[in-house]
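Visitor: Kindly generate the corresponding structure for this input.
(one chain, ligands or ions: 1)
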Amino acid sequence: MARTDVDEKPLTEARLASPMVKCDVCGRHYNQRYLTSHKRLSHNAKTDPSVSVDDSRAVEMILALYKKISAKARTDLRHRLSDAEDEA
Ligand SMILES: [Zn+2]
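Guide: This is a model prediction of the structure:
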């Protein structure tokens, strides 16, 4: 009965604690308190004038997709990306 381990605490609880706000850069929803650090961490490129907002958004989407694919697919993707770099 002494088990107080966090057994995948429902995230909804934390989410209800503070309002969800939409990130204007990537369009995803974040806890309001987390949004500032999310932006700082994920959208540093925003302050780089050579990276457009559209590019930043595309990168965010690519990263989101990247996280979904298998390790094998990631390896394959990296090879193809470096091939694409060579062609460019
Ligand atoms: Zn964002």
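
Visitor: residue boundaries of the helices in the protein?
Guide: Remark: helices assigned in the chain by DSSP state H are 11-17, 32-42, 53-68, 71-87.

Visitor: Dump the ones you listed into CSV; add mean neighbour count and mean pLDDT as well.
Guide: C-betas here are computed from N, CA, C, even on glycine. Output for the helices of the chain, formatted as CSV (neighbours: other CB atoms under 10 Å; pLDDT from 0 to 100):
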stretch, mean neighbour count, mean pLDDT
helix 11-17, 10, 56
helix 32-42, 14, 85
helix 53-68, 12, 88
helix 71-87, 10, 91
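
Visitor: out of these, nearest to the ion?
Guide: The ion lies closest to helix 32-42 among the helices of the chain, at 5.1 Å (CB to the ion).

Visitor: Using CSV, list the CA coordinates for the closest one.
Guide: What follows is helix 32-42 as a C-alpha-only set of coordinates in CSV (Å, rounded to 0.1, in the frame of the first residue of the first chain):
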residue,chain,number,x,y,z
GLN,A,32,0.0,28.8,-20.8
ARG,A,33,2.8,28.6,-18.3
TYR,A,34,4.8,26.4,-20.6
LEU,A,35,4.3,28.4,-23.7
THR,A,36,7.0,30.9,-23.0
SER,A,37,9.7,28.3,-22.5
HIS,A,38,8.3,26.3,-25.4
LYS,A,39,8.8,29.3,-27.6
ARG,A,40,12.3,30.0,-26.3
LEU,A,41,13.3,26.4,-26.7
SER,A,42,11.5,25.5,-30.0
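
Visitor: With respect to C23, which of the helices of the chain lies nearest?
Guide: helix 32-42 (6.2 Å; CB to CB).

Visitor: circling back to that earlier point, would CSV of the helices of the chain with distance to C23 be doable?
Guide: Converted to CSV, the helices of the chain look like this (distance: least, CB to CB, whole Å):
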stretch, distance to C23
helix 11-17, 15
helix 32-42, 6
helix 53-68, 9
helix 71-87, 24
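
Visitor: can you tell which of those helices is closest to C26?
Guide: Per CB to CB, nearest to C26 of these: helix 53-68, 3.9 Å.

Visitor: centre of the chain versus that closest one, how much separation?
Guide: In this view, helix 53-68 has its centroid 7 Å away from the chain centroid, taken as CA atoms, centre = their mean, to the nearest Å.
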